[in-house]
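Q: Got a predicted model here, sequence first, then my questions.
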Amino acid sequence: MSAPLRVGTRASLLATTQAGHVVEMIRTTLGREAVLVEVSTEGDRTQAAGTPLETIGGTGVFVSALRDALLAGEVDVAVHSLKDLPTYPADGITLAAVPLREDPRDVVVARDGLTLGELPVGSRVGTGSPRRVAQLHALGLGLDVVGVRGNVDSRISKVRSGEYDAVVLARAGLSRIGRLDEATEVLDPLQMLPAPGQGALGIECRSEGGLAEELARLDDAHTRSAVNAERAVLATLEGGCSAPIGALAEVAEGDEGDEIWVRAIALSLDGGLSVRMSASGAPADATSVGNRLAGEMLADGAGQLNQPADPSAEVQNA
(Lines give C-alpha, C1' and ligand atoms only; values in the text may rest on other atoms or scores of the structure.)
Protein backbone atom coordinates (compact mmCIF):
# COMPACT_ATOMS: atom_id res chain seq x y z
CA MET A 1 0.00 0.00 0.00
CA SER A 2 1.39 3.43 -0.97
CA ALA A 3 1.97 6.03 1.74
CA PRO A 4 -0.74 8.70 2.18
CA LEU A 5 -0.24 11.87 0.17
CA ARG A 6 0.79 14.71 2.48
CA VAL A 7 -1.32 17.74 1.61
CA GLY A 8 0.28 21.00 2.75
CA THR A 9 -1.90 23.88 3.87
CA ARG A 10 -1.79 27.10 5.84
CA ALA A 11 -3.09 26.68 9.37
CA SER A 12 -6.11 29.02 9.22
CA LEU A 13 -9.65 27.62 9.39
CA LEU A 14 -10.38 28.63 5.81
CA ALA A 15 -7.13 27.16 4.47
CA THR A 16 -7.51 23.84 6.29
CA THR A 17 -11.15 23.63 5.20
CA GLN A 18 -10.16 24.19 1.57
CA ALA A 19 -7.35 21.68 1.80
CA GLY A 20 -9.73 19.24 3.46
CA HIS A 21 -11.93 19.40 0.36
CA VAL A 22 -8.89 18.49 -1.73
CA VAL A 23 -8.06 15.59 0.61
CA GLU A 24 -11.60 14.30 0.08
CA MET A 25 -11.27 14.66 -3.72
CA ILE A 26 -8.00 12.72 -3.63
CA ARG A 27 -9.69 9.94 -1.69
CA THR A 28 -12.87 9.75 -3.78
CA THR A 29 -11.54 10.53 -7.27
CA LEU A 30 -8.01 9.14 -7.13
CA GLY A 31 -8.68 6.37 -4.64
CA ARG A 32 -5.66 7.35 -2.54
CA GLU A 33 -5.31 8.15 1.13
CA ALA A 34 -4.24 11.68 2.06
CA VAL A 35 -3.50 13.62 5.25
CA LEU A 36 -3.25 17.33 6.05
CA VAL A 37 0.08 18.88 7.02
CA GLU A 38 -0.07 22.44 8.40
CA VAL A 39 2.69 24.80 7.30
CA SER A 40 3.28 28.17 8.98
CA THR A 41 3.74 31.04 6.50
CA GLU A 42 5.17 34.53 6.88
CA GLY A 43 1.87 35.93 5.68
CA ASP A 44 -0.01 34.26 8.53
CA ARG A 45 2.50 35.44 11.12
CA THR A 46 2.50 39.06 9.94
CA GLN A 47 -1.27 39.03 9.50
CA ALA A 48 -1.62 38.06 13.15
CA ALA A 49 0.67 40.97 14.03
CA GLY A 50 -1.46 43.40 11.98
CA THR A 51 1.21 44.28 9.40
CA PRO A 52 -0.28 45.47 6.08
CA LEU A 53 0.07 42.75 3.45
CA GLU A 54 1.41 45.13 0.79
CA THR A 55 4.43 46.04 2.94
CA ILE A 56 5.66 42.43 3.12
CA GLY A 57 5.37 41.45 -0.54
CA GLY A 58 1.65 41.00 -1.24
CA THR A 59 -0.26 37.75 -1.50
CA GLY A 60 2.82 35.72 -2.49
CA VAL A 61 3.89 35.63 1.16
CA PHE A 62 1.19 32.99 1.73
CA VAL A 63 2.62 30.79 -1.01
CA SER A 64 6.39 30.64 -0.56
CA ALA A 65 6.46 28.53 2.61
CA LEU A 66 4.17 25.91 1.07
CA ARG A 67 6.31 25.78 -2.05
CA ASP A 68 9.45 25.47 0.06
CA ALA A 69 7.85 22.54 1.88
CA LEU A 70 7.04 20.93 -1.46
CA LEU A 71 10.57 21.28 -2.79
CA ALA A 72 12.03 20.02 0.50
CA GLY A 73 9.89 16.88 0.30
CA GLU A 74 8.02 17.74 3.50
CA VAL A 75 4.65 17.62 1.68
CA ASP A 76 3.56 16.05 -1.61
CA VAL A 77 0.76 18.46 -2.51
CA ALA A 78 0.17 22.13 -1.71
CA VAL A 79 -3.27 23.74 -1.74
CA HIS A 80 -3.58 27.49 -2.30
CA SER A 81 -6.30 30.04 -2.85
CA LEU A 82 -5.54 30.59 -6.52
CA LYS A 83 -5.77 34.37 -6.20
CA ASP A 84 -2.70 34.17 -3.92
CA LEU A 85 -0.52 32.43 -6.53
CA PRO A 86 1.99 34.63 -8.39
CA THR A 87 1.41 34.60 -12.14
CA TYR A 88 5.00 33.56 -12.94
CA PRO A 89 5.99 29.87 -12.79
CA ALA A 90 8.02 28.35 -9.96
CA ASP A 91 10.97 26.12 -10.85
CA GLY A 92 10.30 22.49 -10.07
CA ILE A 93 6.62 23.01 -9.26
CA THR A 94 3.55 22.31 -11.41
CA LEU A 95 0.04 23.69 -11.02
CA ALA A 96 -1.46 20.24 -11.46
CA ALA A 97 -5.16 20.98 -11.00
CA VAL A 98 -7.71 23.73 -10.60
CA PRO A 99 -10.93 22.11 -9.33
CA LEU A 100 -14.46 23.38 -9.93
CA ARG A 101 -14.64 26.97 -8.73
CA GLU A 102 -16.82 28.43 -6.01
CA ASP A 103 -18.82 31.59 -6.75
CA PRO A 104 -16.06 34.20 -7.23
CA ARG A 105 -18.03 37.29 -6.23
CA ASP A 106 -17.44 39.52 -3.20
CA VAL A 107 -19.97 39.93 -0.40
CA VAL A 108 -20.79 42.51 2.24
CA VAL A 109 -21.26 41.65 5.91
CA ALA A 110 -22.89 44.73 7.42
CA ARG A 111 -24.62 45.71 10.64
CA ASP A 112 -28.38 45.45 10.84
CA GLY A 113 -28.59 43.46 7.61
CA LEU A 114 -27.77 46.50 5.45
CA THR A 115 -26.49 46.58 1.88
CA LEU A 116 -23.76 48.95 0.71
CA GLY A 117 -26.33 51.31 -0.77
CA GLU A 118 -28.25 51.42 2.51
CA LEU A 119 -25.22 52.33 4.65
CA PRO A 120 -25.23 56.01 5.69
CA VAL A 121 -22.60 58.35 4.26
CA GLY A 122 -19.44 58.12 6.37
CA SER A 123 -19.99 54.50 7.40
CA ARG A 124 -16.76 52.62 8.16
CA VAL A 125 -16.23 49.76 5.72
CA GLY A 126 -13.24 47.48 6.24
CA THR A 127 -11.19 45.70 3.60
CA GLY A 128 -7.54 44.77 3.23
CA SER A 129 -7.62 44.81 -0.57
CA PRO A 130 -6.60 47.84 -2.71
CA ARG A 131 -8.83 46.39 -5.45
CA ARG A 132 -11.86 46.55 -3.19
CA VAL A 133 -10.85 49.95 -1.79
CA ALA A 134 -10.66 51.48 -5.27
CA GLN A 135 -13.93 49.96 -6.42
CA LEU A 136 -15.74 51.00 -3.23
CA HIS A 137 -14.57 54.58 -3.78
CA ALA A 138 -15.63 54.38 -7.43
CA LEU A 139 -19.23 53.62 -6.35
CA GLY A 140 -19.43 57.16 -4.95
CA LEU A 141 -21.35 56.21 -1.80
CA GLY A 142 -19.33 58.43 0.55
CA LEU A 143 -18.11 55.50 2.63
CA ASP A 144 -15.11 55.70 4.96
CA VAL A 145 -13.06 52.78 3.63
CA VAL A 146 -10.49 51.59 6.16
CA GLY A 147 -7.94 48.78 6.27
CA VAL A 148 -8.61 45.53 8.08
CA ARG A 149 -6.47 42.41 8.57
CA GLY A 150 -7.03 39.04 10.13
CA ASN A 151 -9.06 35.94 9.35
CA VAL A 152 -12.74 35.85 8.42
CA ASP A 153 -13.89 35.52 12.01
CA SER A 154 -11.86 38.49 13.27
CA ARG A 155 -13.07 40.69 10.42
CA ILE A 156 -16.72 39.87 10.99
CA SER A 157 -16.25 40.38 14.73
CA LYS A 158 -15.30 44.00 14.04
CA VAL A 159 -18.79 44.49 12.59
CA ARG A 160 -20.50 42.70 15.44
CA SER A 161 -18.60 44.84 17.98
CA GLY A 162 -19.55 48.07 16.20
CA GLU A 163 -15.94 48.97 15.31
CA TYR A 164 -16.88 48.82 11.62
CA ASP A 165 -20.25 49.18 9.94
CA ALA A 166 -19.38 46.57 7.32
CA VAL A 167 -16.59 44.49 5.83
CA VAL A 168 -16.18 43.18 2.29
CA LEU A 169 -15.06 39.56 1.88
CA ALA A 170 -14.89 36.83 -0.75
CA ARG A 171 -18.14 34.87 -0.96
CA ALA A 172 -16.20 31.64 -1.53
CA GLY A 173 -14.47 31.89 1.83
CA LEU A 174 -17.70 32.37 3.75
CA SER A 175 -19.32 29.51 1.85
CA ARG A 176 -16.47 27.09 2.53
CA ILE A 177 -16.53 27.63 6.29
CA GLY A 178 -20.34 27.54 6.50
CA ARG A 179 -20.95 31.23 7.27
CA LEU A 180 -22.55 32.41 4.04
CA ASP A 181 -25.78 33.26 5.86
CA GLU A 182 -23.93 36.15 7.54
CA ALA A 183 -23.51 37.97 4.20
CA THR A 184 -25.98 40.83 3.84
CA GLU A 185 -25.32 41.43 0.13
CA VAL A 186 -23.64 39.66 -2.76
CA LEU A 187 -21.96 42.26 -4.96
CA ASP A 188 -22.69 42.17 -8.67
CA PRO A 189 -19.49 42.15 -10.79
CA LEU A 190 -20.78 45.36 -12.38
CA GLN A 191 -20.21 46.94 -8.95
CA MET A 192 -17.06 45.06 -8.00
CA LEU A 193 -15.02 42.73 -10.16
CA PRO A 194 -13.25 40.06 -8.08
CA ALA A 195 -9.54 39.38 -7.90
CA PRO A 196 -8.18 37.19 -10.72
CA GLY A 197 -8.59 33.58 -9.63
CA GLN A 198 -10.88 34.40 -6.69
CA GLY A 199 -13.02 31.46 -5.60
CA ALA A 200 -10.71 28.88 -7.21
CA LEU A 201 -8.17 26.57 -5.61
CA GLY A 202 -4.72 25.80 -6.98
CA ILE A 203 -3.29 22.32 -6.38
CA GLU A 204 0.50 22.20 -6.81
CA CYS A 205 3.02 19.39 -6.65
CA ARG A 206 6.63 18.75 -7.62
CA SER A 207 7.11 18.58 -11.37
CA GLU A 208 9.22 15.43 -11.16
CA GLY A 209 7.50 12.06 -10.94
CA GLY A 210 4.00 11.18 -12.08
CA LEU A 211 1.90 12.85 -9.39
CA ALA A 212 1.04 15.89 -11.55
CA GLU A 213 -0.57 13.63 -14.16
CA GLU A 214 -2.55 11.85 -11.45
CA LEU A 215 -3.73 15.08 -9.81
CA ALA A 216 -4.78 16.43 -13.21
CA ARG A 217 -7.90 14.26 -12.86
CA LEU A 218 -9.11 16.81 -10.29
CA ASP A 219 -8.98 19.63 -12.86
CA ASP A 220 -12.17 21.33 -14.10
CA ALA A 221 -11.69 22.43 -17.72
CA HIS A 222 -14.01 25.47 -17.62
CA THR A 223 -12.53 26.72 -14.36
CA ARG A 224 -8.99 26.26 -15.68
CA SER A 225 -9.81 28.25 -18.84
CA ALA A 226 -11.44 31.05 -16.84
CA VAL A 227 -8.59 31.48 -14.40
CA ASN A 228 -6.01 31.21 -17.17
CA ALA A 229 -7.65 34.20 -18.85
CA GLU A 230 -7.88 36.19 -15.62
CA ARG A 231 -4.28 35.47 -14.64
CA ALA A 232 -3.12 36.42 -18.14
CA VAL A 233 -4.85 39.79 -17.70
CA LEU A 234 -3.08 40.23 -14.37
CA ALA A 235 0.32 39.10 -15.64
CA THR A 236 0.25 41.46 -18.62
CA LEU A 237 -1.07 44.43 -16.64
CA GLU A 238 1.48 43.88 -13.86
CA GLY A 239 4.20 44.45 -16.45
CA GLY A 240 3.12 48.04 -17.04
CA CYS A 241 0.54 48.95 -14.45
CA SER A 242 0.61 49.27 -10.66
CA ALA A 243 -3.11 50.02 -10.36
CA PRO A 244 -5.57 47.75 -8.52
CA ILE A 245 -6.95 45.13 -10.92
CA GLY A 246 -10.12 43.06 -11.01
CA ALA A 247 -10.98 40.40 -13.58
CA LEU A 248 -13.63 37.77 -14.14
CA ALA A 249 -13.90 35.21 -16.94
CA GLU A 250 -16.74 32.83 -17.67
CA VAL A 251 -17.17 30.00 -20.14
CA ALA A 252 -20.62 29.91 -21.72
CA GLU A 253 -22.28 28.21 -24.66
CA GLY A 254 -22.15 30.33 -27.80
CA ASP A 255 -23.59 30.01 -31.29
CA GLU A 256 -20.58 28.02 -32.46
CA GLY A 257 -19.71 26.14 -29.27
CA ASP A 258 -18.25 27.19 -25.94
CA GLU A 259 -16.93 30.75 -25.69
CA ILE A 260 -14.95 32.50 -22.96
CA TRP A 261 -15.87 36.05 -21.98
CA VAL A 262 -13.43 38.08 -19.89
CA ARG A 263 -14.13 41.37 -18.09
CA ALA A 264 -11.41 43.40 -16.40
CA ILE A 265 -10.90 46.72 -14.67
CA ALA A 266 -7.89 48.73 -13.56
CA LEU A 267 -8.43 51.72 -11.28
CA SER A 268 -6.60 54.60 -9.69
CA LEU A 269 -6.18 54.02 -5.97
CA ASP A 270 -8.89 56.56 -5.16
CA GLY A 271 -11.30 55.04 -7.69
CA GLY A 272 -11.53 58.33 -9.56
CA LEU A 273 -10.29 56.93 -12.86
CA SER A 274 -10.66 53.49 -14.39
CA VAL A 275 -10.21 51.49 -17.54
CA ARG A 276 -12.82 48.78 -17.95
CA MET A 277 -12.91 46.45 -20.96
CA SER A 278 -14.04 43.01 -22.05
CA ALA A 279 -13.00 40.45 -24.66
CA SER A 280 -14.10 37.03 -25.84
CA GLY A 281 -12.70 34.04 -27.68
CA ALA A 282 -12.30 30.28 -27.60
CA PRO A 283 -11.67 28.63 -24.21
CA ALA A 284 -8.62 26.90 -25.67
CA ASP A 285 -7.16 30.36 -26.33
CA ALA A 286 -7.99 31.71 -22.86
CA THR A 287 -4.48 32.94 -22.11
CA SER A 288 -4.25 34.74 -25.44
CA VAL A 289 -7.65 36.35 -24.88
CA GLY A 290 -6.52 37.62 -21.48
CA ASN A 291 -3.24 38.92 -22.85
CA ARG A 292 -5.02 40.71 -25.69
CA LEU A 293 -7.52 42.32 -23.33
CA ALA A 294 -4.78 43.55 -21.00
CA GLY A 295 -2.81 44.92 -23.92
CA GLU A 296 -5.84 46.92 -25.06
CA MET A 297 -6.28 48.24 -21.51
CA LEU A 298 -2.66 49.38 -21.37
CA ALA A 299 -3.09 51.09 -24.73
CA ASP A 300 -6.13 52.89 -23.29
CA GLY A 301 -4.18 54.29 -20.34
CA ALA A 302 -4.26 51.63 -17.62
CA GLY A 303 -0.55 52.15 -17.02
CA GLN A 304 -1.12 55.73 -15.89
CA LEU A 305 -3.84 55.02 -13.34
CA ASN A 306 -1.48 54.85 -10.38
CA GLN A 307 -1.06 58.62 -10.67
CA PRO A 308 -3.34 60.87 -8.52
CA ALA A 309 -6.63 61.37 -10.29
CA ASP A 310 -7.41 64.72 -11.90
CA PRO A 311 -10.89 65.66 -10.64
CA SER A 312 -11.63 67.27 -13.99
CA ALA A 313 -10.78 64.12 -15.96
CA GLU A 314 -13.42 61.75 -17.21
CA VAL A 315 -13.59 58.20 -15.92
CA GLN A 316 -12.97 55.81 -18.78
CA ASN A 317 -15.66 53.22 -19.25
CA ALA A 318 -14.66 51.60 -22.51
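A: Here it is on my side, so go on. Residues are numbered from 1 along each chain as shown.
Q: tell me the contacts of the closest residue in space to residue 85 that isn't next to it in sequence?
A: Nearest-residue entry for residue 85: residue 202, 5.1 Å, with adjacent residues in sequence omitted and distances by Cβ to Cβ, 6 or more residues apart in numbering. No exception for glycine: its C-beta is placed from N, CA and C like everyone else's. Neighbouring residues of residue 202 by Cβ atoms under 8 Å, 6 or more residues apart in numbering: 79, 80, 81, 82, 85, 95, 98.
Q: since we're on the residue nearest to residue 306 when sequence neighbours are not counted, how many residues are nearby?
A: Leaving aside its chain neighbours, residue 306 sits nearest to residue 242 (4.4 Å; criterion: Cβ to Cβ, 6+ apart). Per other Cβ atoms under 10 Å, the neighbour tally for residue 242 reads 15.
Q: domains for this protein, by residue range?
A: Domain ranges of the chain: 5-99+200-219, 106-186, 226-304, per automatic domain parsing.
Q: who's residue 106 bridged to?
A: Legend: beta-bridge partners of residue 106 under DSSP bridges are residue 170.
Q: Residue 172 is in contact with that one, correct?
A: No: using Cβ atoms under 8 Å, residue 106 and residue 172 do not qualify as a contacting pair, with a distance of 9.6 Å.
Q: could you measure residue 148 against residue 269, distance?
A: Going from residue 148 to residue 269 by Cβ to Cβ, to the nearest Å gives 17 Å.
Q: Between these two, which is the more surrounded one?
A: Ranked by neighbour count (other Cβ under 10 Å), residue 148 and residue 269 place residue 148 first, with 21 against 18.
Q: Test my guess that that one contacts residue 129.
A: No: in terms of Cβ under 8 Å, residue 148 does not count as a neighbour of residue 129; the distance is 9.6 Å.
Q: picking that back up, which pair of the contacts of residue 202 spans the longest distance?
A: Taking every pair in the contacts of residue 202 and measuring Cβ to Cβ, the maximum separation is 13.0 Å, between 81 and 95.
Q: I'd like to know how many residues surround residue 122.
A: For residue 122, using other Cβ under 10 Å, the count is 10.
Q: Kindly report the same for residue 140.
A: 9.
Q: Which residues lie in contact with it in this structure?
A: Residue 140 makes contact with no residue under the criterion Cβ under 8 Å, 6+ apart.
Q: Quick check, pLDDT for it.
A: For residue 140, the model assigns a pLDDT of 96.
Q: Kindly report the same for residue 51.
A: Turning to residue 51, the model gives it a pLDDT of 50.
Q: swap in residue 209?
A: Looking at residue 209, its pLDDT is 88.
Q: In three-state terms, how would it be classified?
A: Counting by DSSP: H, G, I helix; E, B strand; the rest coil, the backbone at residue 209 sits in coil.
Q: how much space between it and residue 16?
A: Relative to residue 16, residue 209 is positioned 25 Å away (Cβ to Cβ).
Q: Among these two, which residue is more densely surrounded?
A: Just comparing residue 209 and residue 16: by other Cβ under 10 Å the higher neighbour count belongs to residue 16, 17 against 10.
Q: how about whatever helix or strand that one lives in: buried residues?
A: Remark: residue 16 resides in helix 13-25, with elements defined by DSSP states H and E. Along helix 13-25, these residues count as buried under the neighbour rule (16 or more other Cβ atoms under 10 Å): 14, 15, 16, 18, 19, 20, 22, 23, 25.
Q: Which strands and helices lie in contact with it?
A: With contacts defined as 3 or more Cβ pairs under 8 Å, 6 or more residues apart in numbering; DSSP states H and E, helix 13-25 has these neighbours: strand 5-9, strand 34-38, strand 77-81, helix 152-160, helix 171-176, strand 201-206.
Q: helices or strands up against the helix or strand following the last one?
A: Scanning the chain past strand 201-206 towards its C-terminal end, the next helix or strand to appear is helix 211-215 (assignment: DSSP H and E). Applying 3+ Cβ pairs under 8 Å, 6+ apart, one finds that helix 211-215 makes contact with strand 93-97, strand 201-206.
Q: can we see that at 10 Å?
A: Based on contacts counted as 3 or more Cβ pairs under 10 Å, 6 or more residues apart in numbering; DSSP states H and E, the elements that helix 211-215 packs against are strand 5-9, strand 93-97, strand 201-206.
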